[in-house]
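A.B. asks: have a look at this prediction, sequence included:
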Amino acid sequence: MVFHPADHLLEYGSGTGQLGFLLLDKVGSLTFCDTSKEMLKQVDRKREESSAQNINLLLADFSIEKPPFAVYDKIVSMLVLHHVENIPALLRNVHYALKSGGIFCWIDLDREDGSFHDHEPVPHRGFDRREIETYLSDVGFELLDYSREISREKEINGEIRQFPLFIQLARKNREHKP
């Protein structure tokens, strides 16, 4: 995905902002969005330490609430959506939040056996490509690039394992009326 100095980027499920701070100097402004006030407090602390002027914070859950405006050129989300019960609702709101032609970058776990979260219950044990494509096209996204070239290393029961991640890019190319 190519970023431009005029882009308004939103990182959905930003947590402490680890991904967003890596992208900060590539965009005009970055909104860190999370459902946790505590995570956004950590982002705010990092903002103060960095003296960055192009950071906004948004406390919101796109799986249950529509964003107040559609202003983002790009939205990224990494290792978040497998925690979300209602993927279609969240993706409808991501679609709404993008400007026409805007790009959504979904990075998450490829389908796995559930060991990534060990004994933690999560709604999804990753996603397979066909499932991802259906979710995105059903809410009005045009599918772009898909890859499985990266992985996440994690220790499980004393053993280091690699968990494949996918990157799916999608474009908002029309308004979608569910």
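C.D. replies: Happy to help now that I have it.
A.B. asks: who touches the residue nearest to the spatial centre of the chain in this structure?
C.D. replies: For the chain, the residue lying nearest the average C-alpha position, counting by CA atoms, centre = their mean, turns out to be Ser77 (1.1 Å). Residues near Ser77 by CB atoms under 8 Å, 6 or more residues apart in numbering: 11-13, 94, 104-108. The way it works is simple: take the backbone N, C-alpha and C, and place the C-beta from them, glycine included.
A.B. asks: likewise Ile103?
C.D. replies: Counting by CB under 8 Å, 6+ apart, Ile103 touches 1, 73-75, 144, 169-172.
A.B. asks: which among these count as buried?
C.D. replies: 73-75, 169-172 (16 or more other CB atoms under 10 Å).
A.B. asks: sitting in strands, which of those residues do you find?
C.D. replies: 73-75, 169-172 (DSSP state E).
A.B. asks: from these, pick the one nearest Ser50.
C.D. replies: Distance to Ser50 across these (CB to CB) is lowest for Lys74, with 20.6 Å.
A.B. asks: doesn't Leu9 make contact with the closest one?
C.D. replies: Yes: using CB atoms under 8 Å, Lys74 is in contact with Leu9, at 4.9 Å.
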